[in-house]
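J.: how would this look folded up:
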Amino acid sequence: MIPKTFKEVIDLGDGREISIETGKLAKQAHGSVVVKSGNSMLLCTVVSNYKQSDVDFLPLTVDYREKFAAAGRYPGGFFKREARPSDGEVLTMRIVDRVLRPLFPKDYHAETQVMIQLMSHDDDVMPDAMAGLAASAAIQLSDIPFECAISEVRVGRVDGEFIINPTRSQLAESDIDMMIGASADSVMMVEGEMKEISEEEMTEAIKFAHEAIKKQCEAQIKLAEAFGKKETRTYDGEREDEALAKRIHDLAYDKVYEVAKAGSSKAERSAAFAEIKEEITASFSEEEQEEYGDLISKYYSKAEKAAVRDLTLNEGLRLDGRKTDEIRPIWCEVDYLPSVHGSSIFTRGETQALATVTLGTSREANQIDMPSFEGEETFYLHYNFPPFSTGEARPIRGTSRREIGHGNLAQRALKGMIPDNCPYTVRVVSEILESNGSSSMATVCAGTMAIMDAGVQLKKPVSGIAMGLISDADSGKYAVLSDILGDEDHLGDMDFKVTGTAEGITACQMDIKVKGLSYEILIKALQQARAGRLHILEKITDTIDQPNETVKAHAPKMITRRIPNEYIGSLIGPGGKVIQELQKETNTTIVINEDPVTEEGIVEILGTDQEGIDKVLAKIDAITFKPEKGSVYEVKVIKLLDFGAVVEYTEAPGNEVLLHISELAWERTNNVTDVVNLGDVIDVKYFGFDPKTRKEKVSRKALLPRPPREQKNKE
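T.: Residues are numbered from 1 along each chain as shown. Predicted structure coming up:
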């Protein structure tokens, strides 16, 4: 029997729409939907165990995968099966997770898994923009406790007009690429890149996206009602004890307030807080400690959070003694590592990033192979966050999702400032050596300086800052915090990172934890972020104010030369013999790519020795040399034959032509050596292809005065 299906359609405008359907697939999941736009189809399922896990957090897993079959392709590599997720898939997982996670009850600890799969791909539809909608719709159809429907959309702007979920071709022309996640009432997440837009323009883009999200949330609610919304399941929540909470609050609040007000370092502050907690725990008998269990620690953390927040709201002071808009001390250095192509250190307070730059050819480009997108990046950034940066010892098990996300944010911040005509593939690596607040923004600053130190002609320097917000809905008080600490990130109501040049914003990432944040507060926060960003930018430019004119002596120099496609084979040679010998002889790396638009070959020559590069260029000139009919050229005699001399164009060594004996002189020539000898340099005129001999023709005698006919007859 064909199952009954339920469907809702969302109009995107411009003849485009998104449909949400349930009832046909994956019915044993607790919630499942198929989201479709054009020929793109996402299947999303959600399952949550009915038994609470023995942990004090929500073990939520958001998984997004793109099936190669969806695009009619095979997975690349030896194993023809999808394996670990790509960076692009991980980034989509993070964007969805950041909006979903805060909406589960804080005491809900059942293992929960959201799986989103691209089952059919459409080149005109970017599937990641529908992943948040799919995840929320599946949850709405389940009995899993969840606060409200949410959705996510991508917003672009082409020719001044905002577009919801633009196509990839539209996005290429857009000056904004932002993903916004929100409920019908509140914006919760913003992430994206921009081309130096203003704070007001960014706010307008968020407002435009939010209006579209409201429609998508409404469609989910209608679908759930039509399907038959299940009653929310009951579960055993966390134990609460109001009397115990008040007792611990009274014991801890004033002591924590005084420690916080002292403005100490992270280590000193942590030790003092730990001592207060230990004193409070010791004030309970062993029987009480056993009875209350983790409640003592839980309520102490609440009291500590309340005291620190109140200090900022009441007195405008922060944990390290700064005012709300004050930036921590900054020091910078470039050219720190002698053997790399570019390097820098950026230290702000207790956060430090060491960045390196490596220059290479197009062969070193980062290859992207996803069902929804194939391409390459000639600028990319990798971010590493080792445990010692926070004074911890823990196992390292590959690159974390956090490292991928932070690296991507810094890459998006900088990539628009890499010049279009940069001949290199540029790889930036940021090593976080210390961390206490916004190592991703330290990466942007260190990356800027390292790129300029490497001699890459960055259009404009970029800086970044992490901001926070503490607010109290009852009193109406709020404080925007510049350059937040790690603790302030945890206890605040908003964490947002903004990067940009002196002219405008290039990238952002926001997680908003309070409902109904006003756009007035958001604009104020962005304006305060701009002031802090410009302050940091000044520190950067005090260290290095413009890119070095050339790359370092030990760094490779890159020369790019375009040649007609017809000469590529000659440059490569049979089995690659010519190009391999040339690379070995000149100690260079030569890469040849074809430009399908201009039908030319792009030859990249990479080497540290200019003499070797010049030899390669001379070889290319020789191979591609094409004499013009009627022109005069200097040639050198390189071989003598009975019927003429083989000559080589001096401006194109290796390019040879036969100078026939009859073209040496007007008078009869019996022996070639009567006119020229080996090594002689002479001028010849080029006559082009001779159909009689089927060879190219050059002549020396054509440049000599023609003798009178009488004299010629006598001879």
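J.: Which stretches in the stretch 51-200 of the chain count as strands?
T.: Listed in chain order, the strands of the stretch 51-200 of the chain (DSSP state E, counting those that start in this stretch) span 60-66, 110-120, 150-158, 161-164, 176-183, 187-197.
J.: Including mean pLDDT, could these go into TSV?
T.: TSV is the format used below for the strands of the stretch 51-200 of the chain (pLDDT from 0 to 100):
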stretch	mean pLDDT
strand 60-66	96
strand 110-120	97
strand 150-158	97
strand 161-164	96
strand 176-183	96
strand 187-197	95
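J.: Kindly reformat those strands as JSON lines containing distance to Ser475 and mean neighbour count.
T.: Any C-beta I mention is one placed from the backbone N, CA and C, and that applies to glycine too. Shown next, in JSON lines, are the strands of the stretch 51-200 of the chain (distance: least, Cβ to Cβ, whole Å; neighbours: other Cβ atoms under 10 Å):
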{"stretch": "strand 60-66", "distance to Ser475": "33", "mean neighbour count": "20"}
{"stretch": "strand 110-120", "distance to Ser475": "35", "mean neighbour count": "21"}
{"stretch": "strand 150-158", "distance to Ser475": "28", "mean neighbour count": "25"}
{"stretch": "strand 161-164", "distance to Ser475": "36", "mean neighbour count": "18"}
{"stretch": "strand 176-183", "distance to Ser475": "24", "mean neighbour count": "24"}
{"stretch": "strand 187-197", "distance to Ser475": "23", "mean neighbour count": "22"}
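J.: closest one to Cys508 among those strands?
T.: Closest to Cys508 of these, according to Cβ to Cβ: strand 187-197, at 6.1 Å.
J.: which residues touch that closest one?
T.: Residues outside strand 187-197 that contact it (Cβ atoms under 8 Å, 6 or more residues apart in numbering): 95, 98-99, 102, 150, 152, 175-182, 201-202, 205-206, 210, 409, 412-413, 415-416, 496, 500-501, 503-512, 517.
J.: among the strands of the stretch 51-200 of the chain, which is nearest Pro329?
T.: Short answer: strand 187-197, nearest of those by Cβ to Cβ, at 28.0 Å.
J.: Where does pLDDT dip in the stretch 151-300 of the chain?
T.: By pLDDT under 70, the stretch 151-300 of the chain has no low-scoring segment.
J.: what about stretch 442-461, average pLDDT?
T.: In this model, stretch 442-461 has an average pLDDT of 97.
J.: From start to finish, how long is it in a straight line?
T.: 13 Å (Cα to Cα, to the nearest Å).
J.: Is it possible to get a markdown table of the strands of the stretch 51-200 of the chain that adds distance to Glu696?
T.: Output for these, formatted as a markdown table (distance: least, Cβ to Cβ, whole Å):
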| stretch | distance to Glu696 |
| --- | --- |
| strand 60-66 | 56 |
| strand 110-120 | 58 |
| strand 150-158 | 53 |
| strand 161-164 | 58 |
| strand 176-183 | 55 |
| strand 187-197 | 52 |
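J.: now the helices for the stretch 1-150 of the chain?
T.: Taking DSSP state H, counting those that start in this stretch as the criterion, the stretch 1-150 of the chain contains helices spanning 87-100, 131-140.
J.: The longest one versus strand 187-197: what angle between them?
T.: With axes from the mean of the first three to the mean of the last three Cα atoms, to 10 degrees applied, the angle from helix 87-100 to strand 187-197 works out at 130 degrees.
J.: The strands of the stretch 51-200 of the chain: which one's closest to Ser285?
T.: The nearest among the strands of the stretch 51-200 of the chain, by Cβ to Cβ, is strand 110-120 at 33.4 Å.
J.: Could you check the angle that closest one makes with strand 60-66?
T.: Using the same axes, to 10 degrees: strand 110-120 against strand 60-66 is 10 degrees.
J.: name the helices or strands packed onto strand 110-120?
T.: Using 3 or more Cβ pairs under 8 Å, 6 or more residues apart in numbering; DSSP states H and E, the elements in contact with strand 110-120 are strand 40-52, strand 60-66, helix 87-100, helix 131-140.
J.: for those, which one sits closest to Val591?
T.: So among those, helix 87-100 is nearest, using Cβ to Cβ, at 24.1 Å.
J.: before we move on, the earlier item: the helices of the stretch 1-150 of the chain: which one's closest to Asp683?
T.: Judging the helices of the stretch 1-150 of the chain by Cβ to Cβ, what sits closest to Asp683 is helix 87-100, at 60.6 Å.
J.: Packing partners of that closest one?
T.: strand 60-66, strand 110-120, helix 131-140, strand 150-158, strand 176-183, strand 187-197, strand 366-370, helix 401-415.
J.: For it, list the C-alpha coordinates in CSV.
T.: Provided in CSV are the C-alpha atoms of helix 87-100 (Å, rounded to 0.1, in the frame of the first residue of the first chain):
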residue,chain,number,x,y,z
ASP,A,87,35.6,19.9,5.4
GLY,A,88,32.5,21.3,3.5
GLU,A,89,30.3,18.7,5.1
VAL,A,90,31.8,19.4,8.6
LEU,A,91,31.1,23.1,8.2
THR,A,92,27.5,22.4,7.4
MET,A,93,27.2,20.1,10.5
ARG,A,94,28.6,22.9,12.7
ILE,A,95,26.2,25.5,11.3
VAL,A,96,23.2,23.3,12.0
ASP,A,97,24.4,22.1,15.4
ARG,A,98,24.9,25.7,16.6
VAL,A,99,21.3,26.6,16.1
LEU,A,100,19.7,23.3,17.3
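J.: tell me the angle it makes with strand 176-183.
T.: Using the same axes, to 10 degrees: helix 87-100 against strand 176-183 is 40 degrees.
J.: just how off-centre is helix 87-100 within its chain?
T.: 14 Å (Cα atoms, centre = their mean, to the nearest Å).
J.: Next: stretch 330-337.
T.: With Cα atoms, centre = their mean, you get 24 Å for stretch 330-337.
J.: contacts for it?
T.: By Cβ under 8 Å, 6+ apart, the list of residues contacting stretch 330-337 from outside reads 342-348, 354, 356, 445, 449-450, 452-453, 536, 539-540, 542-544.
J.: Give the buried residues for that stretch.
T.: Ile330, Cys332, Glu333, Val334, Asp335 (16 or more other Cβ atoms under 10 Å).
J.: likewise stretch 628-647?
T.: So for stretch 628-647, counting by 16+ other Cβ under 10 Å, buried means Tyr633, Val635, Lys636, Val637, Gly644, Ala645, Val647.
J.: Same question for stretch 88-103.
T.: Result for stretch 88-103 [16+ other Cβ under 10 Å]: buried residues 88-100, 103.
J.: same check, this time on stretch 203-216
T.: Glu204, Ala205, Ile206, Phe208, Ala209, His210, Ala212, Ile213, Lys215, Gln216.
J.: Repeat that for stretch 615-628.
T.: The neighbour-count check on stretch 615-628 (16+ other Cβ under 10 Å) flags Lys615, Val616, Lys619, Ile620, Asp621, Ala622, Ile623, Thr624, Pro627 as buried.
J.: longest helix of the protein?
T.: helix 199-227 (DSSP state H).
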